[in-house]
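Novice: Fold the following, please.
(3 chains)
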Amino acid sequence: MTAQNTNSAMPQQLDAEGRLRHLITLEGLPRALIERLLNRAQQFIRPLGAPPPRSSALAGVTVANLFGEASTRTRGSFELAARRLGADIINLEVHLSSRSKGETILDTVYTLQSMHIDVLVMREAESGVPGYVARHVAPHVSVLSAGESHLSHPTQGLLDALTIRQCKGGFQKLAVAIVGDIAHSRVARSAFHALQALGIGALRLVAPPGLMPAPEEFPACERVHSLEQGIRGVDVIMMLRIQKERISGPAVPDGASYFREFGLTRERLRYAKPEAIVMHPGPMNRGVEIDSEVADGPQSVIQRQVTNGVAVRMAVLEAVTEGLRRDWNRA
Amino acid sequence: MTAQNTNSAMPQQLDAEGRLRHLITLEGLPRALIERLLNRAQQFIRPLGAPPPRSSALAGVTVANLFGEASTRTRGSFELAARRLGADIINLEVHLSSRSKGETILDTVYTLQSMHIDVLVMREAESGVPGYVARHVAPHVSVLSAGESHLSHPTQGLLDALTIRQCKGGFQKLAVAIVGDIAHSRVARSAFHALQALGIGALRLVAPPGLMPAPEEFPACERVHSLEQGIRGVDVIMMLRIQKERISGPAVPDGASYFREFGLTRERLRYAKPEAIVMHPGPMNRGVEIDSEVADGPQSVIQRQVTNGVAVRMAVLEAVTEGLRRDWNRA
Amino acid sequence: MTAQNTNSAMPQQLDAEGRLRHLITLEGLPRALIERLLNRAQQFIRPLGAPPPRSSALAGVTVANLFGEASTRTRGSFELAARRLGADIINLEVHLSSRSKGETILDTVYTLQSMHIDVLVMREAESGVPGYVARHVAPHVSVLSAGESHLSHPTQGLLDALTIRQCKGGFQKLAVAIVGDIAHSRVARSAFHALQALGIGALRLVAPPGLMPAPEEFPACERVHSLEQGIRGVDVIMMLRIQKERISGPAVPDGASYFREFGLTRERLRYAKPEAIVMHPGPMNRGVEIDSEVADGPQSVIQRQVTNGVAVRMAVLEAVTEGLRRDWNRA
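Specialist: Predicted coordinates for the structure are as follows:
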């Protein structure tokens, strides 16, 4: 298997009856389906300090967390989501790479599926792996991407959309700026797919030239190379994490100069609408892409994004196992 | 403690009433006991896609997974088996080695047992450790080997026997070939013990001279140095994993030449009976010991072995805690 | 953040109504509160081989085990304690260090708390981190230290006190010797705080000069540089683990000479009262600080300490979530 043929086909994410079976990307998902997921996720929201939402909807369902890359935050969020729905969840350090020696990706996947694991949650550095797996699992097994290379992070896109909807009530009249390393960001791509499907008013990409995506990507988005200009009048600012290794090339300034040009400070935040919200997928580089006064300020909704993340993952787990559980109840 | 004295005595695996208390090796286990375990495991088999078997038989029992060697597959199988029986299970990265500095093996074991851990599942690279531990734990604690050096992998032996019985209905009339690195294989040794106890018709060892076990081992087995000859007319072919580091010596060919001589291809498979099954304990080296056409072909029962593995581990966990749970119910 | 400002304030461990909310240190805790914790822990004690204590008191509560340092023993003990109370527990490899790049300590903590994690159990090499976190979490979140640098290990202090009370019936008439590397020991400091609060009769520090704490620490304790003299007539001997790297300086002898001078042997044990108990927090260095004849002898209560550890952690988890659970029940 090469990266090419893992990439060769868009996975079929919906089953014959139009239900969500896999979640690899938000690209091409029907708006109504995304809205149903957001509505269901909203029902799993409780104030912090109140008992978390719980059900036994997924009792008997087994979820495996397969994280090749370390990701405490996302792994923990999926683990809590699965557990609060009553699923059994096991964490396995499995590296699903076409470059790994010995066992192939599919051998590993078939082994897991033969243990009655029904949902595979996978974080993959290599493009195409989640879709490749989804095309080969048994009919009752679902694949959820927890982040795939620079391509896709669908549950992040959903939680971002849910956060915006909670704060702003809708999408049509909004202007959203995505700021930072858009070229390498799966968060940006999934936000784009979600917001486009939900009919966002306007989407602006704000980045230095070296971090701007290729021209054919992110169609219909305005591209701006200045932060002040880019966030002028917007309702939502989605900051991205800057990876240190990305900001050493000639086209991109280093950490301190990046902050001087693109760091979101309180002063710059005034260019946006007064009630604009500031989002960040975490983990933040304070003093690089965002100033602490903004990260901890009244317009920040960063912690709410985390809470929404668990709720969205509960909604997705419930959705992708709906067919399985219906079959179990019939039998 | 030295490796010598950990090895000094065969552990007492049965309690005074003849019930299984530890499972360190299949060697010397009564045939009736093995058959009872297989019968019970069979009751835990469900079709993939159906709800997995579940019970609360082990509610209140605590199982610790102690894996010194990384083993996603076997650890996950034990974890799911324990959880589906309602046990509490904790995964601990504990290295039980006589060579480790500081705490002795028994200090670690006594610590775990003092936390009300009732079953210790252990994977050990060092010979003799599971038996040594079993001889020293409290009377209510059970030790299950999840693989011990090159010596023993008893739950693998049971799942292999169960798979053969499911496919072939019995053992007496069967010819079985074990193919590959038998010298270093705990899988081969446990298969030998299980099949011998169950009255297998004929067992053939098929390997190049450098991977053949010592003459005093595997009594009553025919030894063959050619794959074609070795699998001729057999009902069951048990392939073993070839470890790369084993096939560099002068007596053993390298990867590609190993495949030329001993790799199981579709052409060679024709030497076996037409309805012969092909087994592999995983993880496979495709293109070294087995060709993909065979691994994924209609005679392969490799995925079924994985499913049987969970079922067999459920049966074993239930069996070794039977005395404990009876005492609890009496009290 | 610097180590200095993490250290700057003693955390408020009690809430407005005097209930335990965080457990960072035993220093300054009211005697009545410590006694209530010990009484409650005692109710969670069962004989080994009997079913472990279980309840659903913490159903719906989420506990996160954050262990920067590897600690199988303490992590496992907290995990079992939480699970036997019906809590959800997740293990996260999170390093809460002011020196780590990128995300700050508080970013990590706010992320966890936003996932409806109610109790943060943390083992920290860096002084001041647990208190710093406790001062910043949301009002319903509790922080439990599972060991902080050389400063504090409060649940260890409680389990040591419980063990002494079980064996000796009380504290007032007892003489206790703490032996070994007191200078670097969080175990010694928490034992000191607990026993002082509980009105211990006499506490002696026994160590070579290089391992004795600073003069202003451990007030009112006699300091003795000879083991024989130090344990003469005591009721309780608390041995500490000697870390190999501590015993290479000029003021401290090496392993073998340490044993000659300070190793607890059967002969030396005769200097204590005949019914004196011997304790050790584990893991032991047999042949350095303690001889196997003593560690495994009739006066050793080392395994009982481990059992008490789970019980004490259950009592603490129940106590710190009492307010939270009361609010949930009211709502």
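Novice: Report all helices and strands that the helix or strand hosting residue A:33 contacts.
Specialist: Secondary-structure assignment from DSSP states H and E places residue A:33 in helix A:31-43. Taking 3 or more Cβ pairs under 8 Å, 6 or more residues apart in numbering or on different chains; DSSP states H and E as contact, the helices and strands that helix A:31-43 lies on are helix A:154-168, helix A:186-197, helix A:302-320. The way it works is simple: take the backbone N, C-alpha and C, and place the C-beta from them, glycine included.
Novice: Between those, which one is closest to residue B:89.
Specialist: Distance to residue B:89, taken as Cβ to Cβ, is lowest for helix A:302-320 among those, at 21.5 Å.
Novice: anything in the following helix or strand past that closest one sitting right up against chain B?
Specialist: Next along the chain after helix A:302-320, taking DSSP H and E as the criterion, comes helix A:322-330. Yes: for helix A:322-330 and chain B, the contact criterion (Cβ under 8 Å from any Cβ of the partner chain) is met by A:324, A:327, A:328.
Novice: Can you pull up the most central residue in chain A?
Specialist: The centroid of chain A falls nearest to residue A:156 when counting by Cα atoms, centre = their mean (2.2 Å).
Novice: my guess is it meets residue A:188, correct?
Specialist: No: using Cβ atoms under 8 Å, residue A:156 is not in contact with residue A:188, being 9.8 Å away.
Novice: For the stretch 51-200 of chain A, which residues are neighbours of chain C?
Specialist: Counting by Cβ under 8 Å from any Cβ, the stretch 51-200 of chain A sits next to chain C at A:51, A:52, A:54, A:70, A:72, A:73, A:76, A:77, A:79, A:80, A:83, A:84.
Novice: what residue ranges in chain A score low on pLDDT?
Specialist: Scanning chain A for pLDDT under 70 picks out the ranges A:1-11, A:68-71, A:97-103, A:245-253.
Novice: Let me see the ranges of the strands in it.
Specialist: A:62-67, A:88-92, A:119-124, A:142-148, A:175-179, A:202-206, A:222-224, A:236-239, A:277-279 (DSSP state E).
Novice: so which of those strands gets nearest chain B?
Specialist: strand A:88-92 (5.1 Å; Cβ to the nearest Cβ).
Novice: dump the residue contacts of residue A:136.
Specialist: With contact set as Cβ atoms under 8 Å, 6 or more residues apart in numbering or on different chains, residue A:136 has these partners: A:106, A:109.
Novice: what's the answer for the one 5 residues further on, then?
Specialist: Contacts here follow Cβ under 8 Å, 6+ apart; on that basis residue A:141 touches A:113, A:117, A:118, A:119, A:120.
Novice: Could you identify the most distant pair in those residues?
Specialist: Greatest spacing in those, by Cβ to Cβ: A:113 and A:119 (10.3 Å).
Novice: Which positions in chain A make contact with chain B?
Specialist: So chain A meets chain B at A:60, A:62, A:64, A:88, A:90, A:92-94, A:102-104, A:107-108, A:110-117, A:138-140, A:324, A:327-328, A:331 (Cβ under 8 Å from any Cβ).
Novice: and the closest residue to residue A:211 other than its chain neighbours, how many neighbours?
Specialist: Distances taken as Cβ to Cβ, 6 or more residues apart in numbering or on different chains put residue A:181 closest to residue A:211, at 4.6 Å, once the chain neighbours are dropped. Applying other Cβ atoms under 10 Å in any protein chain shown, we find 25 residues neighbouring residue A:181.
Novice: And the one 4 residues further on, by the same measure?
Specialist: A count of nearby residues for residue A:185, using other Cβ under 10 Å, gives 27.
Novice: Now do it against residue A:156, distance only.
Specialist: For residue A:185, the distance to residue A:156 equals 10 Å [Cβ to Cβ, to the nearest Å].
Novice: for residue A:96, same thing?
Specialist: Residue A:96 sits 20 Å away from residue A:156, going by Cβ to Cβ.
Novice: repeat for residue A:119
Specialist: Counting by Cβ to Cβ, the gap from residue A:119 to residue A:156 is 18 Å.
Novice: what does residue A:301 give?
Specialist: Counting by Cβ to Cβ, the gap from residue A:301 to residue A:156 is 14 Å.
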